[in-house]
Structures are given as structure tokens and as C-alpha cells.
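Novice: below are the sequence and a predicted model; questions follow.
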Amino acid sequence: MRARHARHILLAIAAGLALADAAVVTLALPELLRELNTTVEGVAAVLGVYTVVLAASLLPAERLQRRIGAPRTAASGLALFALASVVCSVSTTLGLLLAARAAQAMGGAAALVAAYELLVPHGASQTMGRRLWLGAAVLSSAIGPALGGLLTEALSWRAIFYVQAPIAAAAALAALTEPRRPPAAPPPPRPGDPQRFTVGPSVALAFVSAALTAVLFLLVLLLVAAWDITPLRAALAVTVIPASALVGARVRGGAAARATAGCALVGAGVLALAFLPDAHIAWTIAPQIAAGLGMGLALPALGGELLPERDAHDAARLLLLRHIGIALALALLAPVVSHDLDAATEHAQERGVAVILDARLSPTDKLRLAPALLNSVETDRPRAGLSDALAQHRRDIKAGDRPAYDEMAQEVDDVLVLAVGEAFRTAFLVTGALALLAALAILPWPAVRRGVLAPLLLGVTIALPVSYFALHAAVAPAAVELRDPCGLRPLPATGGLQGFLQDRVLELLDTTACKAGSTREELVLALTDKAARKRYEARYGVDPRSLSSLLSLVLR
């Protein structure tokens, strides 16, 4: 009996690895972004390929386990998962990694449906087996972010897959020792248990799953890649979501009310993340708590209460709905975030130029700093590159000019943080809207008519994002204004001959930009950066590095 219980615990842990893949692997994505020299769409595909292939494989895997038995299905699936994990860990190209992730997903699908069949009918009762199954999902989600962050920071992203392989291999051996039994018949229905998959709860499960996975994906990218927070600190931060889910899962009440309230809380938390005031982890805590509580309320109420989970076939269908939603979210959001990050990088560079040109520094310092600082702002690690460049060039500044330099550095950092936050805003708003649509899909309208549930949900759903919107307006750094080069503007007036010459050069830049129809900042960027030069020439029909073009503008 003890040996069987130990085997089931090991199988539950292995199933948890497959279920919590997004929570664990997400922490490796920023490092993958840099090491494999890919894009946001590329790292999203690392999650998306696994999700899509797993979703496509669940129902065929369930049919396979009915034919050859759950033990052999689990063993073969876990063995494939282990082997593919090894290939993931040694991949040096994105293509090989994605192929291995697809194999991982096929093995994970087989392992999940067979593990359900092995776990749920056994133990002291079916309730005991179901607790093991649910515990695997909840606990793996809870420790997944911390585990992924710890392994990534202590070793590398490859360590995540190194750890997965032996656990899956050991569980494969344990599955082989399970006696083969015919698939268990579904338990007799209890009064009120759902008998079929209805549209409203099915849509809600897909949408809220999409919102939860997308918010983890987006939040990790924001913290690690954009805000330059270490993977371990980011992992500890995002653990707030699954930890809050454990609390939400203990709340009792009607399934429809819990599911609706949970989806609304997820939506409120995600919408609040769209308006973070600045780059401090503390601002993310309250939205994460709301999203986590919503997760704990909604997922158990939807799976097994509003939607049936009587056997492995039902479990496969529930997992299919969840992973369809996750795949949809990743497919929608990855190109949005990638495009917005590129645009944010460009905007941050232009506003950074404005700050540097207006700083009370010598012209020679500005000429050296502008290209060095702005070229350091890269899409894959914008704040880290800027911080490194600021620290490096501070040593070259005269002691008397360092207060002005530090003030300029803080303003440039504020510009970047504000731009990056704006880059993630659309994605958070879309994700939050998905969760709110999930709540509407299952809203118990009789309770609405009685006026009990709707006002409470509406108040919570509105209060949190509105509060964060107000905080953003009050606390976030003021946006740097790109002034009209055709109008008057204050000059640095640093004094001396250099100061006089600097003021005249800035006036000449204004005149030239005015006649070209651009901003002064775009012109300066085009003079110092090849990509900006190409953009400038395409937009305004002038090559800013051509002396004849500039003279024709000035003399026009």
C-alpha cells in the first residue's frame, strides 16, 4: 500500500511538471531571448508550441490509453517527455528547441491523461485520488515560478530541462509497475453534477486560462527583460499569483458565483497591471493577489463543478479547453508586445535625446553620451543596457558635472520605464478583457436580477484598475515633451564659449528639423544611428548625413 502511494505521489509530481510547464519555463524566456538571439515572438513560441501540440495530442492520447492501458501510456509518455527534455537542455538553436518542445508536449499529453486514470480511481477513495490530481496542479503552479527562477539564476535556462528529465524518467519506471486495469467507469452522478460541456463555462475556462497564462508570460518579460530584475527576484514576485490561488481555492459557495467572481477578479488584477506607476515590484503585488484569488476561485469551480470531470476523457477535454485558450492568448499577444516594444524603444530613444540635449552638460559630453546611451537601449534588455552604459560613462564625467549627469541619468531611466510600461499596456488590457468576458459568459443572471452579485463584482472589478490608473497619473514620471522645433524653446545656456556654441548648434538643429518636418530628436538620432537614419530618410525624404541635403534645408 505504501509503495503504491509513493508511486502515485511520483506520478502526481510528474503530471504537475507537465501541467505547470508555463509557470516554470516562463522564467527562462528572458535569458532565451538573449542567448538564442531571437524575438518576443520566438520566446512566445517556446510556450506556444508546447501548448498547441499538447492540446492537439490530449484526445488521441486518451484513446491510446484506453487501448493499451494507462500504465504503458504513462510510461511511454513520460519517457518521451524525459528524452525531449534532454534535447531541450542541449539545444543551441531556436528551431531545435521548438522541435524538442513539441515532443515534450506529446509525451506530456500522454502522461497527463494516463496519470489521471491511474490516480483518481485508486487510493482510499476516489476523493483521495482526486486530491492528488488537484494537488499536483495547484502545488506545481505554486512552486513553478520559484523553481524556474532559482534554476535560471543559479545555473542557466538549460537547468530547467535537466531537472525535468530525471523526474519524468523515474515516474515512467514507476508507471510500469502499476497493474493494468480496464478504464474505470465514471462514478454515478450526484444531484447537480454537470453531465455535459456547455458553451458558457467552456468559453469561460478557455478565456480565464488564457488570461492567467498570458499575465504570467507578460509579467515575467516586464520584470526581467524590461525592468532588469533578476530571475530569482522575479520568480519570488510572481509566486504571489499561485500562492493567492491556494487561498482562493479554499473559499466555499455556489460554483457559478465562485467562478464568476474569480474571473472578474482575474480581470481586475490584470487590468491594474496595465497602469503600474513605476518599476518597483511592490506595485505588482495587489494586482497579483487579485488575479491569484480569482484563479483559485474560478478554476476549481469550472473544472468538475460547472463542467464535468468524471473520467480521463472529461479530464482531457478540460485540459484541451485550457490549452486552446492559452495558445490563443500567446498567438494574439506575442506580436502585439513585440511591435509595441520596438515602438517603445524608438520613443524612449527620442525622448532620451530630448533629455540629453537639454541637460546642463558640456557639448563634448553630450556628443559622446548621446550615441552611446541611446544605442544601449535594445528591445531584448532595454533597461539593463541603459543602466550599464550610464554607469560606464559616469566615470568620464568631471566631478563638478556629475550632479547634472546623475539628474540626466534619472530622467533618461524614467523615460525608459514609462515607455516600456506603455509597450505592455495593450497586452495587459487585452488579457484583462478576456477574463472579464469569461465572467460575463457564466454570470448567474438570477442573482443579478436580485441585485446581490452584480454590484459587488462591478465594484471590485472597477475599483482596482481605476485606483491604479489614478496612481499612475499621480506617481508615474511625467512624460518628456518633444517640442515643436519651429517654436521657441529654452536653451541649456551653460555659459562660456562652449555654451554659446552649443546653443547655436541646437538652434541650427531646430531650424533644420523644422524645415524637414521632423522633431529635433529624430534628426539627432538619425545623425548617430544607422537604423534611425534609414527611418528618417524614408519618412522625410532627406538623408540627414548628406551635407548637400542639410544645406538645402537650411537655405530653403
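Specialist: Done, it's in.
Novice: ok, now how distant is residue 261 from residue 302?
Specialist: Residue 261 is 12 Å from residue 302, where distance means CB to CB, to the nearest Å. Where C-beta positions appear, they are placed from N, C-alpha and C, glycine not excepted.
Novice: the two: who's more crowded?
Specialist: When residue 261 and residue 302 are compared for neighbours, residue 302 comes out ahead with 30 against 25, by other CB atoms under 10 Å.
Novice: got a list of what the more buried one touches?
Specialist: Applying CB atoms under 8 Å, 6 or more residues apart in numbering to residue 302 gives the contacts 201, 204-205, 208, 255, 259, 442.
Novice: out of the residues you listed, which sit inside helices?
Specialist: 201, 204-205, 208, 255, 259, 442 (DSSP state H).
Novice: looking at those residues, which is nearest residue 474?
Specialist: residue 208 (30.9 Å; CB to CB).
Novice: the closest one is in contact with residue 438, isn't it?
Specialist: Yes: the pair residue 208 / residue 438 is scored as a contact, 4.3 Å apart, by CB atoms under 8 Å.
Novice: joint contacts of those two?
Specialist: With CB under 8 Å, 6+ apart, residue 208 and residue 438 have common neighbours 263, 266, 298.
Novice: got CSV for those residues, with secondary structure too?
Specialist: Listed next are those as CSV, based on DSSP: H, G, I helix; E, B strand; the rest coil:
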residue, secondary structure
263, helix
266, helix
298, helix
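Novice: now render the residues you listed as TSV, adding pLDDT and neighbour count.
Specialist: Below are these laid out as TSV (pLDDT from 0 to 100; neighbours: other CB atoms under 10 Å):
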residue	pLDDT	neighbour count
263	91	34
266	91	35
298	88	34
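Novice: ok, of the ones in helices among the contacts of residue 302, which one's closest to residue 467?
Specialist: residue 208 (22.2 Å).
Novice: before we move on, what SS does residue 37 have?
Specialist: Applying three-state DSSP: residue 37 is coil.
Novice: wait, I meant residue 228
Specialist: Once three-state DSSP is applied, residue 228 turns out coil.
Novice: show the pLDDT at it.
Specialist: With respect to pLDDT, residue 228 scores 74.
Novice: swap in residue 498?
Specialist: Reading off the model, residue 498 has pLDDT 66.
Novice: what's the burial count for residue 322?
Specialist: There are 25 residues near residue 322, going by other CB under 10 Å.
Novice: what's the pLDDT at it?
Specialist: Taking residue 322 on its own, its pLDDT is 84.
Novice: how about the contacts made by it?
Specialist: 205-206, 209.
Novice: if you rank these by neighbours, which is first?
Specialist: That'd be residue 209 among these, by other CB under 10 Å, with 32 neighbours.
Novice: wait, doesn't that one sit right on residue 326?
Specialist: Yes: with contact defined as CB under 8 Å, residue 209 counts as touching residue 326 (5.6 Å).
Novice: common neighbours of the two, please.
Specialist: With CB under 8 Å, 6+ apart, residue 209 and residue 326 have no common neighbours.
Novice: which residues of the stretch 101-250 of the chain fall in helices?
Specialist: Secondary structure of the stretch 101-250 of the chain (DSSP state H, counting those that start in this stretch): helices at 126-154, 158-176, 199-220, 231-238, 240-248.
Novice: and those, which one averages the lowest pLDDT?
Specialist: helix 126-154 (a mean of 61).
Novice: from residue 214, how far off is the spatially closest residue to residue 428 that is not a sequence neighbour?
Specialist: Of all residues not flanking residue 428 in the chain, residue 274 sits nearest, at 3.7 Å (CB to CB, 6 or more residues apart in numbering). From residue 274 across to residue 214, the span is 12 Å (CB to CB).
Novice: before we move on, which element is residue 7 in?
Specialist: Using DSSP states H and E, the element containing residue 7 is helix 2-19.
Novice: taking the mean pLDDT, what do you get for that helix?
Specialist: Mean predicted lDDT for helix 2-19 stands at 75.
Novice: got the angle for that helix vs helix 158-176?
Specialist: 140 degrees (axes from the mean of the first three to the mean of the last three CA atoms, to 10 degrees).
Novice: what residues sit buried inside helix 2-19?
Specialist: 7-19 (16 or more other CB atoms under 10 Å).
Novice: just give me the closest of those residues to residue 105.
Specialist: Of the buried residues of helix 2-19, the one sitting nearest to residue 105 (CB to CB) turns out to be residue 18, at 8.5 Å.
Novice: residues in contact with the closest one?
Specialist: 54, 81, 108-109, 111-112.
Novice: so can I have a markdown table of those residues showing neighbour count, distance to residue 354 and pLDDT?
Specialist: Formatted as a markdown table, these follow (neighbours: other CB atoms under 10 Å; distance: CB to CB, whole Å; pLDDT from 0 to 100):
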| residue | neighbour count | distance to residue 354 | pLDDT |
| --- | --- | --- | --- |
| 54 | 29 | 48 | 89 |
| 81 | 29 | 52 | 93 |
| 108 | 31 | 50 | 90 |
| 109 | 30 | 52 | 90 |
| 111 | 31 | 55 | 89 |
| 112 | 29 | 53 | 88 |
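Novice: and the residues you listed as CSV, adding distance to residue 90?
Specialist: Below are these laid out as CSV (distance: CB to CB, whole Å):
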residue, distance to residue 90
54, 22
81, 16
108, 19
109, 23
111, 22
112, 25
